Every structure is written in C-alpha cells, then in structure tokens.
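Engineer: Have a look at this prediction, sequence included:
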Amino acid sequence: MRTWPEHITDRIAVETHFGRSGIKCFSDRPADLNAMLADAVSANPDGEALVCDDLRLTYREVESKVEAVSAGLAELGLGQGDRIALLLANGPEFLIVLLAGLRIGAIAVPINVREQKPELQHILDDCGAAVLVHDADTADKLPDPETTPALRHRVSVGGTVAGSRGYDSLSATGARKAPAQVGEEDTAVILYTSGTTGRPKGAMLTHLNIIHSAMHFELCMELGKNERSLLSVPASHVTGLVATLFTMLRTAGCSVIMRAFKAEDFLALAAREKVTQTLMVPAMYNLFLLRCTVSDYDLSNWRIGGYGGAPMAESTIRELTEKLPNLVLMNAYGATELTSPATILPPGLGAERADSIGIAVPCGDIRIVDAQGEDTATDVPGEMWIKGPMVVPGYWNNPEKTAQEFQDGYWKSGDVGSRDAQGFIRLHDRAKDMIIRGGYNIYSAEVENTLTAHPAVMECAAIGQPDPVLGEKLHVFVCSSDPALDADAVRAHCAAGLADYKTPDFVTFCDEPLPRNANGKVVKKVLRDLVETGT
C-alpha cells in the first residue's frame, strides 16, 4: 500500500473537530491564517510575496498594506464575523483585501467576476454581505442597492463608480490594532458552489481547513523556500485561492499573479519570473502545447506542474514529459467542500499512473462505498466519501443540504471512484451530472432550471460534449413550443442569468420528447450517444 513518507506522517495526531472524532491533523500547524501570515513575514520579510504586472511587494510591504486596509475596514464598522464579498479579478487587491478581512476576524466571500446579476443577488443575500469590494468594470451587473439592504458599503477598485467609495479610501492612517482573536474552527472564507438543485451553496472554509490544505500542498509537492507559484486560474476559485495564494503564504513564497490566462503570456511570465510551481486545469497545458513552441522559453526553474479539475489525456502527459523533462506532473483531486485536495499523485508517477488521481492526502480518509453505504472491494467502483481536517463543516445558512451531504464526518462527494491494492484511486464518473468546461464546474440542473424559465422551452437537458482543449463543452437539448426559437436566443437567455462559461456551446432542438426512464428521469446516456454518433 502506497503511503506518504514518515517525515510527513510523523507530524499527524488524531483530534476532534466540528463534532467529528477521528480527524487526522498536523500537530505543528499555525494557530490560524493570521498567524500563518505572521510566520511568513518573520521568515522572509524582504522576500517577494506578490508580483503582478510591474508591481512587486515584499512580505513586509504586504503586511503593511494589509494592516492599513484592515484598519480602514474597521473604521467602516466591520468586524468579527462580518462578510466581505470580493467581486475581483486576479490582482493584488484581491490578496490584500482577503488578508485584511481575516485580520479583523471577518469572513471573505470571493465571487467569480463572470457571475451575472441574478447569481450575485443570490450570493450577497444568502451570505448577508456587509461590504462588496468590486472591480469598476463590473458595475453594470451589480444588484440595485434597494435589493441588498444588508450591504452597507460598496468599494470600487480601478475606477470611479456611482454609489461606491474608492479603494484608496480603505487605507486608514490611524493606529493599527493587532489581529482579531479567532478560533481555528471559525469560518474564514465562504465559497459558493452550485449543487444539483441549481442553487449555489456557500461552503464554509475554516482556518483549520485552509491551513491543512496549504500544508498538504507544501508537503506532498515537496515545496521549500523561495518557491514561486504562477496564479493563472481565478483567485476566487478554491484552486487559485488555496493551491497558490495560501500555499505560497504557508511557504513564504511568491505568488506571481496573471490577470487572465493566455498561453503565450503564461510561458513568457513563467520564464521571466522563474516560476517553480503551478496548479492548473489540463486545458491550460493543452493550449500552450498547441499554440506555442515550448523550447523558445527558459522554463528550467519550473519543477512542479500540478493539475486537476478534469482528467489529463495520456497524450498530453507524454508531450509534456518530452518537452519539459524536468517538470514533475502531479494530479490533484479536490472540490470546494474539500478546500481543494483530497488526493495527490506522489511525485514521479505522472506517466506511470496517468489514469489515477493519486492517493489520499496524509490527513485524509477516503471510503469507496456502494449504494448501501458499505465499503466496496478493491477495484470495485463506488461513491467517494471523504473525511479529514480539510473537509468543510457544512454550508452557510443551509442545514438541510449540510445534513444531506455530510455523514459521520464524511462528505459524500457524488463522484464514482475505485481504489486498487496499492491505494491509488481512479475517478470513473461524476454522479452529480457535473460538466467541467476548462476547469469551471457547470451543474446541468442549474442550466436546465434557467432554460425552463424561458416561456418557449417545454423541457431541456444539458450534457457535456468532449472537447480536446477544454475537456468538455456545454451541449443542451431543447424541446420548444415556438418553432422560431433559435440557438442564439437560447444562448442570450442563458447569458442574461448565468456566468458566460455556462452559456451553451451547442444547442440541439428536439422534435420528440426527451428520452426518459420508468421513473420519469431523463436518460442522458442516450443524449450523449446521440452526440457521439452525430445522429
């Protein structure tokens, strides 16, 4: 049975957290995320903490900015437990406001800038955000002030917006207080993830959760001093937030921030900044292999190439191994509810174990269970149930969904996997009908709920269509009462209420009702077969 080295497992003790007993935890962890920042400043005060465009900030400079912004937030009346929504693209302000909020004991709520007004309205209402810090160019899709009575302040970054104060006004010059006293089981971040009902749920990431995930990346990827990680996925996503920003904070390394991914720019930036580690979706690796001549760039410092969010084709692994022989490819399987990783492929097995998502992280416990909740035999598929200090305690303001998806300390992932005799796990399917388009999760029910609200749509179904670059694209089947309804109208209807990546790539109109089984459920395998055969 493959396990992690003793120098990692020797640091583990069994504890009780969130009312769950038998949780394996690192005994030498920081007390909270504020302490983790303090440790980084102490270890590397003059080392680079953040690089974005022409801006370079040391850890000492980051700490100073965080102190100033936290004082500004406090002057607005914000404090322990208040929710601070961040509608910010990748940039230095994201990290500064995030850490400043944690410093006063507040809860950060990162939101993808691609979300549209209805989704923003739901998230802001559900979490009861007291302040929204947003990019100026998102102003046109912000909910009207009268619809968000709990939202006391709006702060604009990068320009003037009516009804929002400028970001510079947050930097207070008065006396700065010590970080708030927080417990490690306190919620630090709420990340909204769509469920099978189509309504986004707010996963509560605690200080304990985030610290353990950062330590899992640190130890399993063998990260040390002077690491430089390139943030090329959204910071508002659990991967960018934890695998890059908080992991670099844990190692006192540098986060090199890319505002938006472009293949050529990615390689140029990785070479110029001597990047050592990344974690991206396979589509990003595919794009630079397709569009760039990799040998034109000095990537000799790039040591760890993590990937997740979708399977990586064996042909991609072979090409990366050939063109970047020093790059160690490591699959990492996770989810928002897992604060990112639950499994990691140990170093050096990228090609040999290309079909595996790795083994359970050191503090993780994974069961593969059948429909009755009993453990399956070796190599027999079942649903993956996952336990550990990285598993969130539940969903914000949603005890019903928490009770449904968490049992006996385990999160029921809905993903179907199997484990071989050596402990390596293979992911077979996504039982929740989730579509992964370029690393973005799209739940079919969310798209279907939006489409069925159209007066001309009688029924519909959404599936993933395989794509060599993005992994999957979104294909919807629509039965309509209006023969004039066309694909452009379907896309426009979705775009008005959903993030742009949830807009269908393909639309098929059906003359007959959708195929259903005896229980009345749409049989999506039939639809996938139609796509595959082109009929």
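Structural biologist: In hand now; what should we look at? Keep in mind that this is a model prediction, so the values were computed, not measured.

Engineer: And the strands in the stretch 301-450 of the chain?
Structural biologist: 304-307, 328-335, 340-344, 359-360, 365-369, 382-387, 406-407, 410-419, 425-430, 434-437, 440-443 (DSSP state E, counting those that start in this stretch).

Engineer: The longest one - which strands sit beside it in the sheet, and in what orientation?
Structural biologist: The strands that strand 410-419 pairs with in its sheet are strand 382-387 (antiparallel), strand 406-407 (antiparallel), strand 425-430 (antiparallel) (by DSSP bridges).

Engineer: That one vs strand 340-344, what angle?
Structural biologist: 30 degrees (axes from the mean of the first three to the mean of the last three C-alpha atoms, to 10 degrees).

Engineer: Show me what the helix or strand harbouring Leu451 packs onto, helices and strands only.
Structural biologist: Using DSSP states H and E, Leu451 falls within helix 444-452. Under the contact definition 3 or more C-beta pairs under 8 Å, 6 or more residues apart in numbering; DSSP states H and E, helix 444-452 sits against strand 457-467, strand 471-480, helix 487-497. (Each C-beta comes from the backbone N, C-alpha and C, glycine too.)

Engineer: Please report the distance of Glu227 from Ala260.
Structural biologist: For Glu227, the distance to Ala260 (C-beta to C-beta, to the nearest Å) stands at 23 Å.

Engineer: Which of those two has more residues huddled nearby?
Structural biologist: Glu227 (21 against 9; other C-beta atoms under 10 Å).

Engineer: which of the strands paired with strand 410-419 has the lowest average pLDDT?
Structural biologist: Lowest mean pLDDT within these: strand 425-430, at a mean of 81.

Engineer: buried sites along the lengthiest helix in the chain?
Structural biologist: Counting residues, the longest helix found in the chain (DSSP state H) is helix 59-75. Residues 59, 61-63, 65-74 are the ones in helix 59-75 that count as buried (16 or more other C-beta atoms under 10 Å).

Engineer: Let me have those in JSON lines, extended by pLDDT and distance to Leu170.
Structural biologist: Output for those, formatted as JSON lines (pLDDT from 0 to 100; distance: C-beta to C-beta, whole Å):
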{"residue": "Tyr59", "pLDDT": "98", "distance to Leu170": "20"}
{"residue": "Glu61", "pLDDT": "98", "distance to Leu170": "16"}
{"residue": "Val62", "pLDDT": "98", "distance to Leu170": "15"}
{"residue": "Glu63", "pLDDT": "97", "distance to Leu170": "16"}
{"residue": "Lys65", "pLDDT": "96", "distance to Leu170": "10"}
{"residue": "Val66", "pLDDT": "97", "distance to Leu170": "11"}
{"residue": "Glu67", "pLDDT": "96", "distance to Leu170": "12"}
{"residue": "Ala68", "pLDDT": "95", "distance to Leu170": "8"}
{"residue": "Val69", "pLDDT": "96", "distance to Leu170": "5"}
{"residue": "Ser70", "pLDDT": "96", "distance to Leu170": "9"}
{"residue": "Ala71", "pLDDT": "94", "distance to Leu170": "9"}
{"residue": "Gly72", "pLDDT": "95", "distance to Leu170": "4"}
{"residue": "Leu73", "pLDDT": "96", "distance to Leu170": "6"}
{"residue": "Ala74", "pLDDT": "94", "distance to Leu170": "10"}
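
Engineer: coming back round to it: what about the longest helix of the chain, distance to the chain center?
Structural biologist: Relative to its chain's centre, helix 59-75 lies at 25 Å (C-alpha atoms, centre = their mean, to the nearest Å).

Engineer: and if you look at stretch 367-386?
Structural biologist: The answer for stretch 367-386 is 25 Å, by C-alpha atoms, centre = their mean.

Engineer: And that stretch, what's buried?
Structural biologist: For stretch 367-386, by 16+ other C-beta under 10 Å, it's 367-369, 376, 381-386.

Engineer: What of stretch 293-304?
Structural biologist: In stretch 293-304, counting by 16+ other C-beta under 10 Å, buried: 297, 299, 302-304.

Engineer: repeat for stretch 219-239
Structural biologist: Going by 16+ other C-beta under 10 Å, stretch 219-239 has these buried residues: 219-221, 223, 227-239.

Engineer: Out of those residues, name the ones that lie in helices.
Structural biologist: Using DSSP H, those in helices are 219-220, 238.

Engineer: will you turn those residues into TSV that also has pLDDT?
Structural biologist: Listed next are these as TSV, based on pLDDT from 0 to 100:
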residue	pLDDT
Leu219	98
Cys220	98
Val238	95
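
Engineer: for these, which one is nearest Asp467?
Structural biologist: Val238 (22.8 Å; C-beta to C-beta).

Engineer: And the closest one, how far from Ser169?
Structural biologist: In terms of C-beta to C-beta, Val238 sits 30 Å off from Ser169.

Engineer: same thing with Arg228?
Structural biologist: From Arg228 over to Ser169 (counting by C-beta to C-beta), the distance is 32 Å.

Engineer: same question, Ile190
Structural biologist: For Ile190, the distance to Ser169 - C-beta to C-beta - is 25 Å.

Engineer: between those two, who's got more neighbours?
Structural biologist: Ile190 (26 against 14).

Engineer: Specify the beta-bridge partners of that one.
Structural biologist: Met204.

Engineer: didn't it look like it was pressed against Ala85?
Structural biologist: No - using C-beta atoms under 8 Å, Ile190 is not in contact with Ala85; the gap is 9.1 Å.

Engineer: shared neighbours of those two, anything?
Structural biologist: Common neighbours of Ile190 and Ala85 (criterion: C-beta atoms under 8 Å, 6 or more residues apart in numbering): 109, 127.

Engineer: want to throw the buried residues of stretch 367-386 into CSV with distance to Pro347?
Structural biologist: Shown next, in CSV, are these (distance: C-beta to C-beta, whole Å):
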residue, distance to Pro347
Arg367, 26
Ile368, 24
Val369, 29
Thr376, 28
Pro381, 27
Gly382, 28
Glu383, 29
Met384, 23
Trp385, 27
Ile386, 22
